[in-house]
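S.K.: have a look at this prediction, sequence included:
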Amino acid sequence: MMEKTQAKPLTAAQQRQRDKKRRTWLRTGVQLFFFVSMPGAFVAGFSGVKQIFLHIGAGEVLSVDSFTLSLLGLCGFTLLFDRFFCGYACAFGSLGDAVWALSGLIQKKLFHRKKQLRLPERAVLLGQKVKYLLLAWLVALYVTRQEKLLTGASPWEVFSRLTALHLPPEGFGVGIGLLVLILLGMAVQPRFFCQFLCPMGAVFALLPVLPFARLHRQSDSCIPGCNACKQQCPVCLKLEETSLRSGECIACEACVGTCPKQNIHRWDMALCKSLWLPVLGKVLLFFLLGCWLGFCRFI
């Protein structure tokens, strides 16, 4: 009788590639779940910013309404778990990932491009500053009670209506046009809106996230000149290269599965070696938070 052949153990590179695929599928599944169940979380959060500065501009006492509570909930979750909302739960960010992936597939299959078209790093680094200017401009409009200038011009409000299966009403031509331009940008740069135009992204990037919540790179053990983490990072960030840019990390964890030395860690990864449990734990906590804040469209 022939002896059964035993499967060969995976090499370190093969194991890393398998883990990377598992992380990708896990994140895609989580993004799809939140896209369907909580597409309005981003709009609710930024409406909190709007409400706060409208009250300040009117000289009114700040009150905690549902929108302000949504903003506080998102900011509190970010303080504890970094920008998990951006990387896994924001519907607009998930749309950007889907458009980027579709663009890459089209470029590969139809145009036979080996490397996906994207903006130069210098342009990306400059563009990342635009969202802070946009946030400051919006805050100025709210404080001066000029928010009517924005009527019909909000691309994320158009997106929110579409995810609720409602067509935007008349007068939203500017918002629709901006959404189309953003979709085109998403096709040539990963996380185009998140990096360049997202006012909530600017808020999250400015938050003082607890040190243990961030991803950390053990640079002493890195391969000289590797830069694998930066090459895979959608925001062109080499972890801990500068504390001023650390807030740009959207916690997508693309760098974790890419590092050939497995030098990128966070507290939850150290406690649990499983790929699934740390992510699913945060998914459960954010889902409960979202249900309490009224994000879930099915409750």
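M.R.: Looks like it came in fine.
S.K.: so who does the spatially closest residue to residue 228 that is not a sequence neighbour touch?
M.R.: Leaving aside its sequence neighbours, residue 228 sits nearest to residue 258 (C-beta to C-beta, 6 or more residues apart in numbering; 4.9 Å). Just so you know, the C-beta spots here come from the backbone N, C-alpha and C atoms, and that holds for glycine as well. With contacts defined as C-beta atoms under 8 Å, 6 or more residues apart in numbering, the neighbours of residue 258 are 20, 228, 229, 231, 232.
S.K.: give me the neighbour count for the last one.
M.R.: So the one you mean is residue 232. Per other C-beta atoms under 10 Å, the neighbour tally for residue 232 reads 16.
S.K.: against residue 257, how distant is it?
M.R.: 8 Å (C-beta to C-beta, to the nearest Å).
S.K.: can you check the fourth one too?
M.R.: Separation of residue 231 from residue 257 (C-beta to C-beta) stands at 13 Å.
S.K.: what is the lowest-mean-pLDDT helix or strand in the chain packed up against?
M.R.: Ranked by mean pLDDT, DSSP states H and E, the weakest helix or strand in the chain is helix 267-271, scoring a mean of 73. Contact here means 3 or more C-beta pairs under 8 Å, 6 or more residues apart in numbering; DSSP states H and E; on that basis helix 267-271 packs against helix 277-293.
S.K.: buried stuff in the helix it packs on?
M.R.: Buried residues in helix 277-293, counted by 16 or more other C-beta atoms under 10 Å: 278, 279, 282, 283, 286, 287, 289, 290, 293.
S.K.: from these, which has minimum pLDDT?
M.R.: Ranked by pLDDT, the buried residues of helix 277-293 bottom out at residue 278, which has 89.
S.K.: surely that residue touches residue 256?
M.R.: No. In this structure, residue 278 is not within contact of residue 256 by C-beta atoms under 8 Å, at 10.5 Å.
S.K.: joint contacts of these two?
M.R.: With C-beta under 8 Å, 6+ apart, residue 278 and residue 256 have common neighbours residue 269.
S.K.: if we can go back for a sec, between residue 231 and residue 257, which has more neighbouring residues?
M.R.: Each of residue 231 and residue 257 has its neighbours counted (other C-beta under 10 Å); residue 257 has more, 20 against 12.
S.K.: which residue is the nearest non-sequential neighbour of that one?
M.R.: residue 20 (3.6 Å).
S.K.: which strand or helix spans the one you found?
M.R.: For residue 20, the host element (DSSP states H and E) is helix 12-37.
S.K.: also residue 169?
M.R.: Using DSSP H and E, no helix or strand contains residue 169.
S.K.: so what's the residue count around it?
M.R.: 8.
S.K.: please renumber so the chain begins at 381
M.R.: All set: I'll call the first residue 381, so the last point we hit is now residue 549.
S.K.: and it, how far is that from residue 447?
M.R.: Taking C-beta to C-beta, one finds residue 549 at 21 Å from residue 447.
S.K.: residue closest to the middle of the chain?
M.R.: When C-alpha atoms, centre = their mean is applied to the chain, the residue found nearest the centroid is residue 466 (2.7 Å).
S.K.: for that one, phi and psi?
M.R.: With angles defined as degrees, to the nearest 10, residue 466 sits at phi -70, psi -40.
S.K.: which residue is the nearest non-sequential neighbour of it?
M.R.: Per C-beta to C-beta, 6+ apart, closest to residue 466 is residue 630, 4.2 Å.
S.K.: wait, the one you found touches residue 473, no?
M.R.: Yes. In this structure, residue 630 is within contact of residue 473 by C-beta under 8 Å, at 7.1 Å.
S.K.: what is in contact with the two at once?
M.R.: 466, 467, 571, 574.
S.K.: top of those residues by neighbour count?
M.R.: Neighbour max across these (other C-beta under 10 Å) = residue 574, 28 neighbours.
S.K.: for residue 566, see how far away it is.
M.R.: Going from residue 574 to residue 566 by C-beta to C-beta gives 9 Å.
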